[in-house]
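Chemist: Here is a sequence together with a model predicted from it:
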Amino acid sequence: MIEKHTDNKTFGPPTLIASDVDGTLIDDENRVSRRTIDVLGAAVSAGVDFVLATGRPPRWIAEITDQFEDTAAHVRYAVCANGAILYDVEHDRIISAATLDPDTLEKLVDHAYRQLPGCGIAAERAGRSAYDAATPPFVATSGYRHAWLNPDHIEVGDDEVYAQPAVKLLVRQPGMRSDEMSAALKDAVGGLAQITFSTDNGLIELAVPDTHKASGLREIAGLGGLDTSATVAFGDMPNDVEMLTWAGHGVAMSHGHPAALAAADEVTVTNNDEGVARVLERWFG
């Protein structure tokens, strides 16, 4: 069960800032605005930790953290793959990875093919770092069509998708809404996996049960000694719901999915209108 840390009526300056990336921290051109960088820098300079909490894998984190280079907005840790991977950004090291075993993956693939005929399947795997050449990070069947550009995709046979442990199984069905896919698969999957999605464009993601951004943030806070007594979190999609609920103050972007809006304590403006910065400027402006 996810519970609040604080009474939102008395929420004060945050001790920890956790933010989703796509649709939240960055604009639609994948840029962090100068205004956002400046206010995050002020927060970090005041002793506040700033953690990325994203569905992205570690190898897609540098695109974001490089934008903070030579600024005060320092990122020590990232919760990746919707909580399945804890990543030490400073040392390019995977701290831990919650993986689905091959037997479970095979069962999930079978359920997906039965409930969503014609779907494509892919698996995200974790190595020891963001760029571990020994571990092919993303493998997909020939029927898998990406919801976004993925230059490191390796096509394999169906059985190879579940041949090794994976932090998440991705199920793709262009032409369906992601919430429809989730509803169609939920009962069949049962307690085998956590189902979520970060886009409405026909893609759902399955991970170890009870693995989500909130669980990842709890774990990274314990390992890194981060103060979670007053956490503010930002997000826009169903994969942010647990984090928004867990945080002392959950903030959803105004363009967000209804599930994120319902979970939040506050709704800010869109990612293109610097919604994250506008909230943080209350304390660090």
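Modeler: Yep, that arrived.
Chemist: residue ranges for the helices of this structure, please.
Modeler: Assigned by DSSP state H, the chain shows helices spanning 34-45, 62-65, 102-115, 158-161, 178-189, 213-224, 241-246, 258-263, 275-284.
Chemist: Show me the contact partners of the first one.
Modeler: The reference is to helix 34-45. 14, 17, 25, 50, 67-68, 71-74, 274, 276-277, 280-281, 283-285 (C-beta atoms under 8 Å, 6 or more residues apart in numbering). All C-beta spots, glycine's among them, are computed from the backbone N, C-alpha and C.
Chemist: quick one: I204 and I195 touch, right?
Modeler: Yes. Counting by C-beta atoms under 8 Å, I204 does reach I195; the two are 5.8 Å apart.
Chemist: So which of these two has more stuff around it?
Modeler: When I204 is set against I195 and neighbours are counted by other C-beta atoms under 10 Å, the residue ahead is I204, at 30 against 22.
Chemist: which residues touch the residue lying closest to G127 once chain neighbours are set aside?
Modeler: Closest residue to G127 apart from its sequence neighbours, by C-beta to C-beta, 6 or more residues apart in numbering: T135 at 3.6 Å. By C-beta under 8 Å, 6+ apart, the contact list for T135 reads R125, A126, G127, R128.
Chemist: Highest neighbour count among these?
Modeler: A126 (26 neighbours).
Chemist: that older thread, among the contacts of helix 34-45, the buried ones, what's the ChimeraX command?
Modeler: With 16 or more other C-beta atoms under 10 Å as the criterion, this ChimeraX line picks the buried residues out of those:
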select :14,17,25,50,67,68,73,74,274,276,277,280,281,283,284
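Chemist: Quick check: which ranges of the stretch 151-285 of the chain have low pLDDT?
Modeler: Along the stretch 151-285 of the chain, segments meeting pLDDT under 70 span 151.
Chemist: Buried residues in stretch 92-103, which are they?
Modeler: So stretch 92-103, judged by 16+ other C-beta under 10 Å, has buried residues D92, I94, A97, A98, T99, L100, P102.
Chemist: Let me know the closest of the residues you listed to V161.
Modeler: P102 (9.7 Å; C-beta to C-beta).
Chemist: Might one say that D152 is in contact with R59?
Modeler: Yes. Proximity of D152 to R59 meets the contact threshold set by C-beta under 8 Å, at 7.1 Å.
Chemist: In terms of neighbours, single out the busier of these two.
Modeler: Set D152 next to R59 and count neighbours by other C-beta under 10 Å: R59 wins out with 18 against 11.
Chemist: Pull the contacting residues for the more buried one.
Modeler: Contacts of R59 (C-beta under 8 Å, 6+ apart): A130, Y131, P137, D152.
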